[in-house]
Every structure is written in structure tokens, then in C-alpha cells.
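Colleague: predicted model and sequence below, questions to follow.
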Amino acid sequence: MANLSLLSESIFIFFILSFSVNGSLSCLDDQREALLAFKDLLVGDLIRDSSTEPSLGGLETWNSSSDCCQWMMVKCNPGSSLQAVTGLNLHSLFPLQGKNSTVLASIFRIKTLMSLGVSYNSIQGEIPGTGLGNLTELVHLDMRGNSFSGSIPLELFHLNNLEFLDLSDNMIQGSLPGDISGLKNLKQLSLDANGIHGEIPEEIGNLTELRNLTLGKNKISGRIPLSISQLTKLEFLDLQNNIFSMEIPASIGNLVNITTLDLSKNNLTGEIPLSIQKLGKLETLQLDNNMLSGEIPTWLFDLKEMKRLHLGGNRLAWNNNNTITPKCKLSSLSLRSCRVRGQIPGWLSNQTDLIFLDLSENEIHGDFPPWLAERNLGTIILSDNKLTGSLPPQLFQSRNLSVLALSRNNLSGELPEINTTSIMILMLSENNISGPVPKSISNIYRLLLLDLSKNSFSGSEFPAFGENSLIAYLDISSNNFSGKVPADFGLFTAMLSLGQNDFSGPLPENLSNLSILEHLDLHDNRITGEFPSFLSQLTSLQVLNLRNNSIEGSISDDLSNLSNLRILDVSNNNLTGEIPQSIGNLTGMINTPDLSLRLPEIFKFPVEIHDLIVNWKNSKRGLSSQNRDVYTLLDLSKNQLSGEIPYSIGDLKSLKLLNLSYNELSGNIPMSLGDQESLETMDLSHNNLEGEIPATFAKLQQLNTLDLSNNKLYGKIPEGPQMDTLVEPNIYANNSGLCGVQIQVPCEEDLLPPELPGKKGDEAWFSWVATGIGFPVGLLSSTAVMYVMGYFNLAPLNHHRRRRSSPR
């Protein structure tokens, strides 16, 4: 019994000692110091400069008086009395600071790391290869969502234990080397959304443990390597949005475990490989936007696991004579531009799981089928077909419909009452829909884009959306709307395109509430009143088009507040007064900002923003929204503007078009206009400009369209590499006395003989002697020449006298 008691006491003492030892476990000192050094590099300045304690995202637990294994975002291995740091989860600590990659140097000293995550921290510079090579135990490395640049360091490919590598969404360049074969244990490789170029090395086939390979959104070219078929454990392959060419390898059918295959947005050719039908686990097949050809195989619809099938944007052809009974339940189908003819295929009515349907750019005709209106799809894209009839009311009662695109069909009738709040995108442009827009459309609180342009809509009161509306893009141009200009929109409105209607009256002042408005187009209406000074409050404005209205008054001086303005067209109005000097302060026309309409990029299908129609080089031209930021123009033509052209206009260095024609401008052409070295078109015709054309025009190397006609200009037309090509006589017609090689009229200074060497007194004496001798000689010579040419015509005079003296 005593022995039992002694044993129990010994066990108790051992337990207490064990607890004491385990309770004092702590991380290695050098690792604690490395982490504190990292913290100081990252936020040391922030802590020292801040009067209040800043939020450190968990780093506030890192201090020298505590065990680093107890710190937030730190994981240790508890296998020994001195615990080693094995994991750091440092995601999104300070995503806006933009630290250099050298900030990671101290972390790379912790050689026991098995997992390192530094994603979304805006880290810049090259990935430090030497430091990274120290982490030989690394299994998981996540560096996505930063600004890493340069090539992937070769040291990374020697980390033999690595199973997960994510470098996506950075600025990495260079090509993938054959050394990638060193990552034999890798199960996931994500390098998408970078600038990687070159070809995929054949050595990629040695990564036989890969389950997930993502290389999309790069600049990788060449053929898809045949060795990729050796990755038989692969479940996810994403090569979309690159420059791959040639045919899809037939051996792709060896990837028997694959569930997602995305080869979209490349330059792949040939037919869809027959071997794909062996991929029994395939759920997603995206081959859209390539150059594939041939007939779409019906066996694709026999793959029982298939859910997403996207084949649009190729040269593929749907066999309209086939009758199919799919064995799969599709949730997403794209057969855009696949030569589907006739009515919408009836077999689709049995696809009850369908959420996304794109049959645009085909030859589908007939009415919108009722079964499709009742199906509650999320996205329906049927643009560019031949649909007729009116829209079924039940289509606008769906609780799931987010996107409805029916542009460029032959739909008619009126737009039904809308009893849904789910629609985000509604595109009905270029149909024959008429009548008023139902007021219930303003109840769609999720509506972001509304395009009703080029129809026959009418009505004098457009629905009021209210300031809580999310609508960002509205295009109701080219209809028959009338009444006051609508301005009751939400604070998120970025584009209003209201041109070619019958709106009248002055511009409403509450337009100034649209603080993020970027695009305002009201051309070809009946707008009156003074030029609105409140427009200067729309400081986000990039495009202002008020062409072909009846706006009066002068251009407000504070228009220069529009620092982002790149396109200003107020031509064909009744504006008077002088062009303000402050117009030269439009900084968006001095250094074009990198701004453009970005909404289409957030959707996974093409969202249409119609071209902006402008007068460009003597004709109408559409400026695409995708590259509108490269165009800068100023058109004040066809008004009654007077005074001189402001010298400050020459400061608009990025201007590509300047049109001041058909005004009452006077004075000289400013020399500063020759400083607009980006200028492609200049029209100053039909004014009262006088004096010489500035010699600085010789610097206009991009100028290819010029009109200076109908002014009072005189003197020599400047010569230069580009000016010498502008030889059309109409460019300079109806002026006071222009000369130059462009119009083949010699200038007086070009006709003077070269001066002979000699003394000044001799030159003067010679000139007077030459005058004395030359005058009588020249008179006699000229008389003789005119006599020979018939200018004195003496013979007819004598003949006439003889006829009068004759008696008969």
C-alpha cells in the first residue's frame, strides 16, 4: 500500500514537472527577432509617426516580451521544447502600402517554414530568389495579388517539397523554364493574370502530381504541349486568355480525371477533338472565342456530368437538322455565332437547370418563346438575331433574371410593366419597340445598365429613378422622347447618353448632383438657354457632347474645373462671346489621364457601350468606349464666337482634333497652335483670321487634315515634312494672298535673284544704272511681246477702217 502511494506521488510529481516544461515552451530567439524585424520594416514608421495607436491587423500581438508562437498569424510546431515557426499567414496586412519585396528578407531567415502566405499586400519588386531558396521545407507558398515583377527566380523551382504555389495576379514577366520539372510534388500551380510569355516547356509533363494548373490571362504562345496529357491526376486546367495556336492535342482525352477544361480566348484552330468524349468526369468545357471550325459534335451532350458548355465565338456550325436528347443537365450554354437557324431549339425547354443562355449572333427567328420567359433563367442573351413580335409580360416577372440582352432584333410592341427587382443589365437597343417606358422600371433597384437606344420609344416624362438608384449607364439615344431633359438618377450614374431625341428647354441644374458622371451626351435635341455654368461642378466628366442644340450665351470661364475632360463638343449652337483663356487649363487635354469606362470589365460577357459619334476629319466617326481614352478633341464650330483664338489653346498638348470653324474669330493664328504635336485634325475655316500662317505649323508631324479656307490669311505657307503633304487647294482657298509649294503659287521672296558679292556702294550704283538702262529696253521688249501676243490687236482696227471707207 505504501509502495502504491509512493508510485502515485511520483506520477503526480512527473505530471507537474511535465506541465511546467510544456507551459514554458517558446519559439526560437532568432525566429522571434526575424519576425520583429519584419514588423518594424512593415509598420515601424507608421507606429513612430502616429499620435494614436494605429490598427495593425494582428501585428500588435507581436512584441519582444511574449512567445511568438502565441502571436496572431503565427503557427509553430509543438514537437519539441523549443518550438519552431512553421507557418505564417500574412494575407492582406497592409494592401495599400506598396512595400518593396526586400521587406520579406527577414522572413526568409526562418528556414523551418512550411507554409507562407503574403497575398494581397501590394508588395513590389522582384521575388527575392536567394532568400526564398533558404525555405527548403516549404510546402505551401501563396504570393498572389501583389505587384511582384521580373521573372520567377530559378531557386523557387528547387523547393522539392512544394505542393501549393500561387503567384497569380502579379506583374511577373519572363517565360517558364524547363527547371519547373523540379517541383515533382506540386499539386496546385497558379500563375494566372501575369505577363508570362513564351511557350509552356514540355517538362511540365513531369509534374505528375498536379491536380490544378492555372495559367490563364498571360501572353503564353505556341501549341499546347503534348506532354500535358501525362498529367493524368489533373482535375482543373485553365489556359484561357493567352495566345495558344494550332490544334487542341488529341491526347487531351488522357486527362480522365479532369472536371474543368478552359481553353477560351486563344487562337486555337481545327475541330473539337473526338477524344474529349472520353472525359467522363468533365463538368465545364470552355472553348469559346477561338478559331475552331467544323460541326459541333452531338456527343458533347452525352457527357453526363457536363454542366457548363461554352462554344461561342468560333467558326463552329450547329447542325440544324439534328435532333438531340441531352444526357446532361446544363446550367450554362453558349452557342454564340454558331449558325443556329430557325426557332430556339426545343430541346432546351427540357434543360430545367439552365441559368445562363447565350444564342446571340445567329439566325434565330420567330417570337420569344413563352417557355423561356417562364423558366427563370439568370442570363438570357439573344442579341443579333431575327426575333419578332412583342416581349412576353412574364419575362419581366422573373425573380432570377439578372441579364436580358435582346439588341438588334425586330421586336415590336411596347415594353411590358416590370414586376421584378432582380435585373442588373437590360439591353434592348436597335429594335422597333415603341410607346412610353413604364414607370415601374425605376423600381428595379439592382439595375446597373439600361440600353433602350435606337427604338421608337416616346413620352414626355422619363421615369424618375431617384438618388438611391444604382443605375450607372443609361443610353436612351435615338428615340422620340420629348419634354424636359431627365436628370433624376442615382448618385452612381457614370454615363447618360440622351442624344437624338426631342428634349427641350434648358439643362436641369440637378444634373450637378451626379458627382461621378463621366459621360454626358445630349447632341441633336432642342435644348435652349444659357450655357450652363453648373457643368463645371461635374469634375469627373470626361465626355461632354452638346452638339446641334440651341444653347446661347458664352462659354463659362470655370469650365476649366473639368480636369478630366477629354472630349468637348458644343458645335452648332448659338454661343457668343470670346473663347475663355482658361480653356487652356483643361488638364485632361494636356496629359490624357488613364481613365475609361470600366463597368464592362466586371461582367463575364460583352457589355455594350455604344460608340460616341463625333465629327472627325470631315465625316462622322464612332469612337469606341474601349479605346476612347486615346482620343482628345475640342469642337466649338458653327457658333458665333468672336475675338481672338486664345494663346492658351496651344497648351492642350494631347489634343487630336481642334475645330473652330464657322465662327467670327479674328486676329492672328496663335503661334502656340504649332506646339500641339499630337494634333491630327485642325479646322479654322470660315472665320475672319488674318496675318500669316505660323511657321510653327512645320512642327505638326501628326497633322493629316487641315482647313484654313475662307479667312484673310496671306504670306507663305510653312513648309515641313507633314505640311508639304497637305496640297489640296481647298485647304487654303478664299484667303487674301497665300503662296507656297503646296498650292504651286510662288512667293515673292522665292523669285528674287541671289545677291552678288560686292561693295554696298557698287550695288547701289549698279542698281541705278540697271534701272536707267533697263526701263527703256524693258518697255520696248514688253511692247513687242504684247504686239506678238495680240494684246494691242492692230490688224482688226485697220480692217475695220477699210470697211468704213468702202462705198459698198
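Modeller: Everything's here; your move. Numbering: from 1, shown residues only.

Colleague: the longest strand seen in the chain pairs with which strands?
Modeller: Longest strand in the chain by number of residues (criterion: DSSP state E): strand 82-89. Strand 82-89 sits in its sheet next to strand 26-27 (parallel), strand 74-77 (antiparallel), strand 115-117 (parallel), going by DSSP bridges.

Colleague: so how far is the shortest one off the chain centroid?
Modeller: From the chain centre to the centre of strand 26-27 is a distance of 52 Å (C-alpha atoms, centre = their mean, to the nearest Å).

Colleague: equivalent analysis for the longest one, please.
Modeller: If you compare the mean C-alpha spot of strand 74-77 with that of the full chain, they lie 45 Å apart, counting by C-alpha atoms, centre = their mean.

Colleague: who touches that strand?
Modeller: By C-beta atoms under 8 Å, 6 or more residues apart in numbering, the surrounding residues in contact with strand 74-77 are 27, 35, 68-69, 83-89, 112, 115. Bear in mind the C-beta positions are built from the backbone N, C-alpha and C, glycine included.

Colleague: got it, and the last one?
Modeller: Strand 115-117 is contacted by residues 75, 86-91, 107, 135, 138-142 when judged by C-beta under 8 Å, 6+ apart.

Colleague: rerun that using 6 Å as the cut-off
Modeller: 87-89, 91, 140-142 (C-beta atoms under 6 Å, 6 or more residues apart in numbering).

Colleague: buried residues in the longest strand of the chain, which are they?
Modeller: 83-89 (16 or more other C-beta atoms under 10 Å).

Colleague: now, which of these sits nearest Leu42?
Modeller: Leu88 (12.4 Å; C-beta to C-beta).

Colleague: make a markdown table out of the contacts of strand 74-77 and add distance to Thr539.
Modeller: Below are the contacts of strand 74-77 laid out as a markdown table (distance: C-beta to C-beta, whole Å):
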| residue | distance to Thr539 |
| --- | --- |
| Cys27 | 53 |
| Leu35 | 45 |
| Cys68 | 49 |
| Cys69 | 52 |
| Gln83 | 56 |
| Ala84 | 56 |
| Val85 | 50 |
| Thr86 | 52 |
| Gly87 | 48 |
| Leu88 | 43 |
| Asn89 | 41 |
| Thr112 | 54 |
| Ser115 | 47 |
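
Colleague: Val570 contacts Leu546, correct?
Modeller: Yes: using C-beta atoms under 6 Å, Val570 is in contact with Leu546, at 4.8 Å.

Colleague: for Arg109, which non-adjacent residue is closest in space?
Modeller: In space, and not counting its chain neighbours, Arg109 is closest to Ala34: 4.7 Å by C-beta to C-beta, 6 or more residues apart in numbering.

Colleague: hang on, the earlier thing: please state the offset of the longest strand of the chain from the chain centre?
Modeller: Put simply, strand 82-89 sits 44 Å off its chain's centre (C-alpha atoms, centre = their mean).

Colleague: one step back: what is the neighbour count of the residue nearest to Arg109?
Modeller: Neighbour count of Ala34, defined by other C-beta atoms under 10 Å: 19.

Colleague: pretty sure it is in a helix, no?
Modeller: Yes: assessed by DSSP: H, G, I helix; E, B strand; the rest coil, Ala34 belongs to a helix.

Colleague: check it and give its pLDDT.
Modeller: Per-residue pLDDT puts Ala34 at 93.

Colleague: now do the contacts for it.
Modeller: 106, 109-110.

Colleague: how near is it to Ile110?
Modeller: 6 Å (C-beta to C-beta, to the nearest Å).

Colleague: do Arg566 as well
Modeller: If you go by C-beta to C-beta, the gap between Arg566 and Ile110 works out to 51 Å.

Colleague: now swap in Gly584 and tell me
Modeller: 58 Å.

Colleague: quick one: which of these two has more around it?
Modeller: For Gly584 versus Ile110, neighbours defined as other C-beta under 10 Å are more numerous around Ile110 (23 against 19).

Colleague: the more buried one against Val85, yeah?
Modeller: Yes: between Ile110 and Val85 there is a contact under C-beta under 6 Å: 5.3 Å.

Colleague: which residues do those two both contact?
Modeller: Contact criterion C-beta under 6 Å, 6+ apart; residues shared by Ile110 and Val85: Gln31.

Colleague: so what's the residue lying closest to Pro508 once chain neighbours are set aside up against?
Modeller: Leaving aside its sequence neighbours, Pro508 sits nearest to Ala487 (C-beta to C-beta, 6+ apart; 4.2 Å). Ala487 is in contact with 508, 510-511, counting by C-beta under 6 Å, 6+ apart.

Colleague: pull out the buried residues from stretch 680-688.
Modeller: Using 16+ other C-beta under 10 Å as the test for burial, stretch 680-688 gives 680-687.

Colleague: re earlier: so which of the contacts of strand 115-117 comes closest to Leu207?
Modeller: Leu141 (15.2 Å).

Colleague: the closest one looks like it's in a strand, true?
Modeller: Yes: Leu141: assigned to a strand according to three-state DSSP.

Colleague: what pairs with it across the strands?
Modeller: Listed beta-bridge partners, Leu141: Leu116, Leu165 (assigned using DSSP bridges).

Colleague: wait, it touches Glu163, no?
Modeller: No: counting by C-beta under 6 Å, Leu141 stays clear of Glu163, with 9.4 Å between them.

Colleague: neighbour count for these two, which is higher?
Modeller: The residue with more neighbours, out of Leu141 and Glu163, is Leu141; 22 against 17, by other C-beta under 10 Å.

Colleague: could you measure from the more buried one over to Cys338?
Modeller: Distance from Leu141 to Cys338, by C-beta to C-beta: 42 Å.

Colleague: do the same with His310
Modeller: Distance of His310 to Cys338, given as C-beta to C-beta: 11 Å.

Colleague: ok, now Leu633?
Modeller: For Leu633, the distance to Cys338 (C-beta to C-beta) stands at 40 Å.

Colleague: and Asn704, by the same measure?
Modeller: Distance from Asn704 to Cys338, by C-beta to C-beta: 41 Å.

Colleague: neighbour count: those two, which is higher?
Modeller: Ranked by neighbour count (other C-beta under 10 Å), Asn704 and Cys338 place Cys338 first, with 20 against 14.
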